[in-house]
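Undergrad: Mind looking at a prediction? Sequence and model below.
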Amino acid sequence: MTSPNPPSLSWEDRFSPRMAHVRASEIRELLKLLDQPDILSFAGGIPDPTLFPVERMQSFYAEVLAEAGQQALQYSVSEGLPALRRWVAERMTRAGAPCDAENIVITAGSQQALDLLGKLFLAQGDTVLVERPTYMGALGAFNAYEPGYADLAGETPDGARLAYVVPDFANPTGKTLTRLERLKLLDRAAEGDVLIIEDGAYRELRFAGTDEPMLLALDIARTGSIEHARTIFCGTFSKTLSPALRLGWICAPTPVIEKIVLLKQGADLHASTINQMVAERIVSEGYDQHLGRLRAAYRERNSAIQDALARHMPMGVTWTKPQGGMFVWLTLPEGLDGARLLEAALAEARVAFVPGAPFFAVGAEANTLRLSYSLPPLDAIDEGVRRLARVIEARMAGRYSAAMGAG
């Protein structure tokens with residue numbers, strides 16, 4: 001006979017030990033603020049939806065359903081749609097990284113690519129070399145596989161398996177590695193027998209300066225073939241077409257691709273068939289013109305936030321000056337805390353941003369924060385920076401007063 005009041009299960013005791021390493025994303029939580037109309041948000045690093053090719057997508061979805069509806073709505077191969085893989089391989093080749101469709105697997109965004117690569121290469125206790133700061137989502141993808149982390153700029157420790165880097169307009173800093181820095185990274189990786197994951201999420205969004213070669217391109221130039229390279233490239237359509245397509249790719253030597261396909265079969269079988277078919281049509285017709293519109297828009301937004309920062313921020317605050325992407329990184333005077341500043345900015349000025357500390361896998365610097373300029377309208381950027389600067393200035397003045405009183 002079943003008890004009328006069965007004891008409740010202790011779920012925490014049943015989760016695997018790796019769940020202790022899995023934490024909520026602060027950015028995902030902050031995105032909930034976007035639903036509050038009075039918040040001026042520099043928080044979410046998400047594309048401007050007014051730049052999505054909505055009408056073209058609508059047309060292509062209708063075409064695909066009309067011409068190949070049964071195929072579009074069916075299961076497909078785990079590697080990805082052959083036509084889309086060929087397009088990606090041709091674009092990678094034109095960018096200096098010669099490869100074939102066999103070197104490409106289509107993933108559910110580059111976030112899935114990072115998860116699959118972590119699953120493939122990391123065991124408990126392995127070390128991942130990362131920049132300080134680095135992309136928070138990569139840490140979230142790798143943490144489930146229980147690695148340790150070390151500073152990419154430091155000595156390569158024993159047990160280092162992977163180096164993860166966003167070389168172009170990095171999330172969160174907006175910084176770009178120079179050609180010399182890329183070559184030095186390849187030297188270190190070869191010396192330490194470390195694999196490199198190159199996250200190219202923002203590479204197509206350069207709006208100033210001169211293109212730097214992909215790490216993968218430099219690696220292939222050295223080794224003679226992608227099959228001899230130690231660099232694995234992750235790309236995505238989320239920042240250029242639409243995040244909702246959930247389409248990205250891995251470009252790697254064929255032994256890596258073969259194993260990734262096996263893992264993908266156990267994860268989700270394959271990326272959405274219809275989304276791949278639509279994406280292939282979109283990128284095959286006018287993709288570079290579309291990228292031109294994105295670059296022009298983000299160039300204008302970056303110019304606006306740079307002007308606003310120069311106009312309003314108090315002395316002692318510094319920031320990056322990116323040539324592409326979506327982010328500016330602020331460093332505050334020592335003693336200020338980005339997380340506490342966010343609480344004050346929300347309460348006093350209705351401005352949101354992302355505190356910098358969670359972007360550090362090692363040696364967190366709390367006096368930092370990330371601003372994304374991709375989403376706020378132009379006329380809101382100056383006002384948002386002005387409000388934020390007012391809150392920062394008040395905290396700086398408070399610290400000065402407290403120090404004088406203590407003296």
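TA: That came through fine.
Undergrad: quick one, helices of the stretch 51-200 of the chain?
TA: 54-72, 82-94, 109-121, 136-143, 179-192 (DSSP state H, counting those that start in this stretch).
Undergrad: I'd like those helices as JSON lines, with mean pLDDT, distance to residue 168 and mean neighbour count appended.
TA: The C-beta positions use only the backbone N, C-alpha and C, and glycine is treated the same way. Listed next are those as JSON lines, based on pLDDT from 0 to 100; distance: least, CB to CB, whole Å; neighbours: other CB atoms under 10 Å:
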{"stretch": "helix 54-72", "mean pLDDT": "96", "distance to residue 168": "26", "mean neighbour count": "14"}
{"stretch": "helix 82-94", "mean pLDDT": "98", "distance to residue 168": "14", "mean neighbour count": "18"}
{"stretch": "helix 109-121", "mean pLDDT": "97", "distance to residue 168": "13", "mean neighbour count": "23"}
{"stretch": "helix 136-143", "mean pLDDT": "95", "distance to residue 168": "15", "mean neighbour count": "22"}
{"stretch": "helix 179-192", "mean pLDDT": "97", "distance to residue 168": "10", "mean neighbour count": "16"}
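Undergrad: remind me which residues of the chain are low pLDDT?
TA: 1-4, 21, 23-35, 398-407 (pLDDT under 70).
Undergrad: nearest residue to residue 197 other than its sequence neighbours?
TA: In space, and not counting its chain neighbours, residue 197 is closest to residue 164: 4.8 Å by CB to CB, 6 or more residues apart in numbering.
Undergrad: do you know how far the one you found is from residue 152?
TA: According to CB to CB, to the nearest Å, residue 164 and residue 152 sit 8 Å apart.
Undergrad: And residue 196, by the same measure?
TA: 10 Å.
Undergrad: now residue 245: how far from residue 44?
TA: Counting by CB to CB, the gap from residue 245 to residue 44 is 18 Å.
Undergrad: The two: who's more crowded?
TA: residue 245 (22 against 19; other CB atoms under 10 Å).
Undergrad: Can you tell me how far that one is from residue 61?
TA: Counting by CB to CB - residue 245 and residue 61 are separated by 11 Å.
Undergrad: shared neighbours of the two, which are they?
TA: Residues within reach of residue 245 and of residue 61 at once, by CB atoms under 8 Å, 6 or more residues apart in numbering, are residue 278.
Undergrad: any chance of the helices of the stretch 51-200 of the chain in JSON lines, plus distance to residue 255?
TA: Listed next are those as JSON lines, based on distance: least, CB to CB, whole Å:
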{"stretch": "helix 54-72", "distance to residue 255": "30"}
{"stretch": "helix 82-94", "distance to residue 255": "17"}
{"stretch": "helix 109-121", "distance to residue 255": "11"}
{"stretch": "helix 136-143", "distance to residue 255": "21"}
{"stretch": "helix 179-192", "distance to residue 255": "18"}
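Undergrad: nearest to residue 281, of those helices?
TA: Closest to residue 281 of these is helix 54-72 (CB to CB; 4.7 Å).
Undergrad: ok, and what's touching that closest one?
TA: 73, 242, 273-274, 277-278, 281-282, 286.
Undergrad: Try it again at 10 Å.
TA: With CB atoms under 10 Å, 6 or more residues apart in numbering as the contact definition, helix 54-72 has outside contacts at 53, 73-74, 81, 241-242, 244-245, 272-282, 285-286, 290.
Undergrad: Just the buried residues from those, in PyMOL please.
TA: Selection command for PyMOL covering only the buried members of the contacts of helix 54-72, criterion 16 or more other CB atoms under 10 Å:
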select buried, resi 53+81+241+242+245+272+273+274+275+276+277+278+279+280+281+282+290
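Undergrad: Test my guess that residue 268 contacts residue 107.
TA: Yes. Between residue 268 and residue 107 a contact is recorded at 9.1 Å, counting by CB atoms under 10 Å.
Undergrad: show me where the stretch 201-350 of the chain has strands.
TA: Here the stretch 201-350 of the chain has its strands, by DSSP state E, counting those that start in this stretch, at 231-236, 248-251, 318-319, 327-331.
Undergrad: would you turn the ones you listed into JSON lines with distance to residue 310 and mean neighbour count?
TA: Below are these laid out as JSON lines (distance: least, CB to CB, whole Å; neighbours: other CB atoms under 10 Å):
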{"stretch": "strand 231-236", "distance to residue 310": "32", "mean neighbour count": "26"}
{"stretch": "strand 248-251", "distance to residue 310": "35", "mean neighbour count": "27"}
{"stretch": "strand 318-319", "distance to residue 310": "9", "mean neighbour count": "16"}
{"stretch": "strand 327-331", "distance to residue 310": "12", "mean neighbour count": "22"}
